[in-house]
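Peer 1: following is a predicted model, sequence given first.
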Amino acid sequence: MRLLFFTEGRQILREGFAQVVNPRLCREPHQPKDFYRTIICTFSEKNRQLPCHGDSGSAIFGHFEKKFYALGITSKANSSICDTPDTFTKISFFMDWIKLYVGDLPSA
């Protein structure tokens, strides 16, 4: 997966790559058991390619048939801990809510 995000306090777009891993790896004990249905869990061995504190709201993109699609929004970044995955809120899970309040956008 391709990550695009702004670094905290800067307006420089950064890019990195991460592997999607089992979403159960991102669940913490206080979260509901079905939490994994709402998230995309990623991991990158290159710490400089991970979202950092302040990058919440940045997107993770997937490349399908020559187009990029936003798949998730950064919700929890762990870049200070290199061996833990990052959590993105899955956009598709909330698509009905988005369409209800935002409506359909014109096609490009």
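Peer 2: Looks like it came in fine.

Peer 1: where exactly do the strands run in this structure?
Peer 2: 2-6, 13-17, 19-21, 39-43, 59-64, 67-76, 86-90 (DSSP state E).

Peer 1: where does the chain have its least confident helix or strand?
Peer 2: strand 2-6 (a mean of 57; mean pLDDT, DSSP states H and E).

Peer 1: dump the strands of the chain into JSON lines; add mean neighbour count and distance to Leu100 as well.
Peer 2: Where C-beta positions appear, they are placed from N, C-alpha and C, glycine not excepted. Converted to JSON lines, these look like this (neighbours: other CB atoms under 10 Å; distance: least, CB to CB, whole Å):
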{"stretch": "strand 2-6", "mean neighbour count": "18", "distance to Leu100": "26"}
{"stretch": "strand 13-17", "mean neighbour count": "13", "distance to Leu100": "30"}
{"stretch": "strand 19-21", "mean neighbour count": "14", "distance to Leu100": "27"}
{"stretch": "strand 39-43", "mean neighbour count": "23", "distance to Leu100": "21"}
{"stretch": "strand 59-64", "mean neighbour count": "16", "distance to Leu100": "21"}
{"stretch": "strand 67-76", "mean neighbour count": "16", "distance to Leu100": "17"}
{"stretch": "strand 86-90", "mean neighbour count": "24", "distance to Leu100": "17"}
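
Peer 1: now distance to Pro106 too, for those strands, in JSON lines please.
Peer 2: Shown next, in JSON lines, are the strands of the chain (distance: least, CB to CB, whole Å):
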{"stretch": "strand 2-6", "distance to Pro106": "22"}
{"stretch": "strand 13-17", "distance to Pro106": "24"}
{"stretch": "strand 19-21", "distance to Pro106": "30"}
{"stretch": "strand 39-43", "distance to Pro106": "26"}
{"stretch": "strand 59-64", "distance to Pro106": "20"}
{"stretch": "strand 67-76", "distance to Pro106": "16"}
{"stretch": "strand 86-90", "distance to Pro106": "24"}
